[in-house]
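*Asks:* Here's a sequence, model it:
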Amino acid sequence: MDDTDLKILSVLHRNSLLALRKIGILTGLNSPSAVSRRIEEMKKNGIIKRSIALIDYKKIGFDFYTITFVRAKYGKEYYKDLGKALMEIPGVVSVDFLLGDIDFILYTISKNPEEYQKLMDRLSTMEGIERTDSHIVLQNFSRDNYCNLKL
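*Replies:* Reported below is the predicted structural model:
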């Protein structure tokens, strides 16, 4: 992994559909085949896991974005089962397990507050959850679209 690989990752993170020639121009590589070799090597090494579509949720009617902090009841490997169960809830787009007073952060997207209330009702009945603390996101500054990697 060198500076050129990081440049390629940064370009791909912004737009993975760019032609190899364009990626080469943006990263200083003259050969599209050199770009391709580097990308394939990063895939083989698990650095690039998959290519996905980034969805503009507002354009499909999902514009109620929330972050919910979850405190769980401690138990043997509780975080593995609970983390998987939290990801099964419709509207949950990401779950992070933390160390400290808060155990999980849930990122959720719903159509409206009423739909989010259904999600919260489900959370309140889940075994292993002690309490939650929710926050409505007013403005997102592109958590998924930002990449500025440097060695």
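*Asks:* so what's the spatially most central residue of the chain closest to, chain neighbours aside?
*Replies:* Nearest residue to the geometric centre of the chain (C-alpha atoms, centre = their mean): Ser94, 5.8 Å. Using C-beta to C-beta, 6 or more residues apart in numbering and skipping residues adjacent in sequence, the residue nearest Ser94 is Tyr107, 4.2 Å away. All C-beta atoms are positioned from the backbone trio N, CA, C, and that covers glycine.
*Asks:* how's the protein carved up into domains?
*Replies:* Using automatic domain parsing, the domain ranges for the chain come out as 3-44, 57-136.
*Asks:* Figure out which of those domains is closest to Ser51.
*Replies:* With respect to Ser51, and counting by C-beta to C-beta, the nearest of the domains of the chain is domain 3-44 at 4.9 Å.
*Asks:* chain center to that closest one, what's the gap?
*Replies:* On the basis of C-alpha atoms, centre = their mean, to the nearest Å, domain 3-44 sits 22 Å off its chain's mean C-alpha point.
*Asks:* tell me the mean pLDDT for it?
*Replies:* Throughout domain 3-44, pLDDT has a mean value of 93.
*Asks:* just stretch 68-76 next, same as before
*Replies:* Mean pLDDT, computed over stretch 68-76, is 90.
*Asks:* Name the residues linked to Ile136 by a beta bridge.
*Replies:* Listed by DSSP bridges, the beta-bridge partners for Ile136 are Thr66.
*Asks:* Report the beta-bridge partner residues of the residue nearest to Ser94.
*Replies:* Ile67, Ser94.
*Asks:* so it touches Met87, yeah?
*Replies:* No: in this structure Tyr107 lies outside contact range of Met87 using C-beta atoms under 8 Å: 10.9 Å.
*Asks:* higher neighbour count, those two?
*Replies:* Higher neighbour count among Tyr107 and Met87: Tyr107, with 17 against 12, using other C-beta atoms under 10 Å.
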